[in-house]
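Asker: Model the structure of this input:
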Amino acid sequence: MPRIVDFNDVSTAGLESSPVADALAGLRANEARYFKNKYDHVFTVDSAAKAKKTVAWVHRILEEERKIIIESPPLEATAFEVDNIRWAYVFYESGLSINVMYTVDNPKKRAVGFKLSDGMDVPAELADRFKFAKQKSKLAGTIRGSFFVIKGEY
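Answerer: Numbering: from 1, shown residues only. The predicted structure follows:
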């Protein structure tokens, strides 16, 4: 049963094994607030074990597009579609969050985004490949993010 992410009462449920659990929970809550405000969508997550198809889809895109293999274990994931955009999120034990924005009808608007929780180091598999910009969040502290455009069909 998917769990609703509450952005008013931030919880580390499902993320307890992360060394930056509080910051990762804030990052997850930040995403939940964004989708509620922009799309009136309720953001839910499942354990990575229950969301294997979503994790596999995200990992396939990373591998085929950029030969990236994430070393940290996934903790939670979600997939949904709003406004003709297929979204997928995977939250990792290291504090990394990866999202895929995949427009159904416009192949020019497809991307993979990386967000780093406050207090975590840039993962070695991303460090030499991406520059990370900073943004402030009331829920997540300082978020560092980067992205790349998806060229293939998935």
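Asker: C-alpha from now on. contacts and neighbour counts both.
Answerer: OK.
Asker: helix or strand for the residue lying farthest from the centre of the chain, which one?
Answerer: Among the C-alpha atoms of the chain, the one most distant from their mean position (Cα atoms, centre = their mean) is that of D105, at 22.0 Å. Using DSSP states H and E, D105 maps to neither a helix nor a strand.
Asker: Please state the offset of the helix or strand hosting R60 from the chain centre?
Answerer: Per DSSP H and E, R60 falls inside helix 52-66. Centroid separation for helix 52-66 versus its chain: 12 Å, with Cα atoms, centre = their mean, to the nearest Å.
Asker: Name the residues of that helix that are buried.
Answerer: Within helix 52-66, the residues that qualify as buried are 52, 54-55, 58-62, counting by 16 or more other Cα atoms under 10 Å.
Asker: Quick one: residues contacting the residue farthest from the centre of the chain.
Answerer: Applying Cα atoms under 8 Å, 6 or more residues apart in numbering to D105 gives the contacts N84.
Asker: could you measure it against K151, distance?
Answerer: Going from D105 to K151 by Cα to Cα, to the nearest Å gives 14 Å.
Asker: just D128 next, same as before
Answerer: D128 sits 21 Å away from K151 when distances are taken as Cα to Cα.
Asker: Next: H41.
Answerer: Using Cα to Cα, we find H41 at a distance of 27 Å from K151.
Asker: partners of the lowest-mean-pLDDT helix or strand in the chain in the sheet?
Answerer: Least confident helix or strand of the chain, by mean pLDDT, DSSP states H and E, is strand 133-137 with a mean of 93. Partner strands and pairing direction for strand 133-137 (DSSP bridges) are strand 141-149 (antiparallel).
Asker: Would you mind putting the CA coordinates of the partner strand into CSV?
Answerer: This file holds the C-alpha atoms of strand 141-149, laid out as CSV (Å, rounded to 0.1, in the frame of the first residue of the first chain):
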residue,chain,number,x,y,z
GLY,A,141,17.7,22.9,3.7
THR,A,142,20.2,23.3,0.8
ILE,A,143,19.5,21.0,-2.1
ARG,A,144,22.1,20.5,-4.8
GLY,A,145,20.7,19.5,-8.2
SER,A,146,21.6,18.6,-11.7
PHE,A,147,20.0,17.0,-14.7
PHE,A,148,20.5,15.6,-18.2
VAL,A,149,18.2,15.4,-21.2
